[in-house]
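**Q** Below is the structure, and that's it, no one-letter string:
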C-alpha cells in the first residue's frame, strides 16, 4: 500500500487490508468564560478546539484493533511528539476537545485533551503506522503537528 498523498492525511487499514480515507476537517479555537466570570469576575476561561458537525461520516467498530497510516513531514521524529489522537466531547452540531483552562484562583492548565494511547512504527519514507488496541464508542481525531514548529 502507498503512503497517503498529503502531509497530515491519514487512512485506516482494515484487518482485510481495505483502505478507508479519514474525514478531514478545519478546526476552530474557541475561548469561553463561565457565567460567574461575567457576574463576579471570578471563574474559569476554557479554550477548546471545535469541529463543526456532531459526528464523522467515517465509522469503525469498537473493541477491535485499529491501524492507521499517517503521513508526516518525514518519519525521523518520535511520533508521540507530533501525532495525537484525541477523543471529542460531542453535541448534535459540534465535536470539542478542551485545550486549556485558567481560573481566577485555581491557576491554569494546558494540554487538557483526552488522549488515546497508541503504538507506532515507521512506514515507508515519511509516514507512520499507528496501532490502537481498542477504543470505546465515540468521536476521535488524529492531529499531526509540524515537528519544525515544535523546535522553535
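**A** Cool, got the structure. As the structure is a prediction and not an experimental result, all values here were calculated from the model.
**Q** And the helices in the protein?
**A** With DSSP state H, the ranges of helices along the chain come out as 35-40, 79-82, 147-151.
**Q** among those, where is the model least confident on average?
**A** Ranked by mean pLDDT, the helices of the chain end with helix 35-40 in last place, scoring a mean of 51.
**Q** Who are the contact partners of residue 16?
**A** For residue 16, the contact set (CB atoms under 8 Å, 6 or more residues apart in numbering) is empty. Where C-beta positions appear, they are placed from N, C-alpha and C, glycine not excepted.
**Q** Next, give phi and psi for it.
**A** Dihedral angles phi and psi of residue 16 (degrees, to the nearest 10) take the values phi -90, psi 10.
**Q** and residue 88, how many neighbours?
**A** A total of 22 residues lie near residue 88 under the criterion other CB atoms under 10 Å.
**Q** and it, what are its bridge partners?
**A** With DSSP bridges as the criterion, the beta-bridge partners of residue 88 are residue 139.
**Q** which residues of the chain score low on pLDDT?
**A** Under the criterion of pLDDT under 70, the regions of the chain flagged as low confidence span 33-44, 100-101, 103-112, 147-152.
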